[in-house]
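Asks: quick one: sequence and predicted model below, then my questions.
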Amino acid sequence: MDLRTTVERAQRLQQLHAQYKPLVLPTVWDVWSARTAAGAGFPALTIGSHPLADSRGAQDHEGQTFEEVLAAVRPIIAAVDVPVSVDLEAGYGQDPADLVAGLTEIGGVGLNIEDTVHSDGGRVRSTQEHAGYIAGLRAAADDAGIPLWVNGRTDLFLHAQDASGVLDEAIERLRAMERAGADSVYPVGIQDNDDLLTAVTGAVTVPVNSTAHPVRHDLERFRRLGVGRITYGPLLQIALTDAMKDMLGPWAP
């Protein structure tokens, strides 16, 4: 994709985050799902690492190389006329500049970056290390002249036995990501906890991303709690799997 189109889509993604509160980005995994979501009227999309891996018979948690992910993502981005963000897990061992260069070359205008490094034994980056990686992404995007949307994810709540017990640490990490240049922050694993969502949305000035199930969750609830951005992770694909099983069940031998 040419640079001008990539920049225009990146600018559009920024505008959409300001326009919609929250902005719902359906999480897609192939050309069909991307075209279906765009055809349903959504002005931007995100590609999830888990559903992408499932669709390709690969493992999530950096079970694919960066080059394999780019090859899979390229035709999805090319198939729609809306901005597309891509979940790039913990970066596949790439330097921030190389990650940005690879993504933007195929027309990606946003990325999700998490602090669990699955390719390195599943360790969790320190607050300083993760913020430093995000700062590198921001600097690389600025150098390229592309207003890339960076969604900084933390898995602290997800890994904790008691999510409320790591709230202070998580807020510290979210704020560090914001200071490093993250455009939004993504505390995974608290989508069903009103108190924790309220606490984190009140702790930062950038949009807070929440996972949502397209059937079981309610958009107005997330709006009321101050959530600024919604993605589905693997839950849209899971919901469609359940629906497909229901439809096919009566036909099975």
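Replies: That came in fine, so what should we check first?

Asks: which residues of the stretch 101-250 of the chain fall in strands?
Replies: Listed from the start of the chain, the stretch 101-250 of the chain has strands (DSSP state E, counting those that start in this stretch) covering 110-113, 116-117, 123-124, 149-154, 184-187, 209-211, 229-231.

Asks: next, format those strands as CSV and append mean pLDDT.
Replies: Output for the strands of the stretch 101-250 of the chain, formatted as CSV (pLDDT from 0 to 100):
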stretch, mean pLDDT
strand 110-113, 98
strand 116-117, 98
strand 123-124, 97
strand 149-154, 98
strand 184-187, 98
strand 209-211, 98
strand 229-231, 98
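
Asks: would you map the helices across the stretch 51-200 of the chain?
Replies: Secondary structure of the stretch 51-200 of the chain by DSSP state H, counting those that start in this stretch: the helices cover 66-78, 96-105, 127-144, 156-159, 167-180, 194-201.

Asks: pLDDT weak spots in this protein?
Replies: By pLDDT under 70, the chain contains no weakly predicted segment.

Asks: center of it, which residue is that?
Replies: Central residue of the chain (Cα atoms, centre = their mean): Asn112, 4.1 Å from the mean position.

Asks: wait, that residue sits on Tyr186?
Replies: Yes: using Cβ atoms under 8 Å, Asn112 is in contact with Tyr186, at 6.6 Å. Where C-beta positions appear, they are placed from N, C-alpha and C, glycine not excepted.

Asks: overlap in contacts of those two?
Replies: 151, 153, 231 (Cβ atoms under 8 Å, 6 or more residues apart in numbering).
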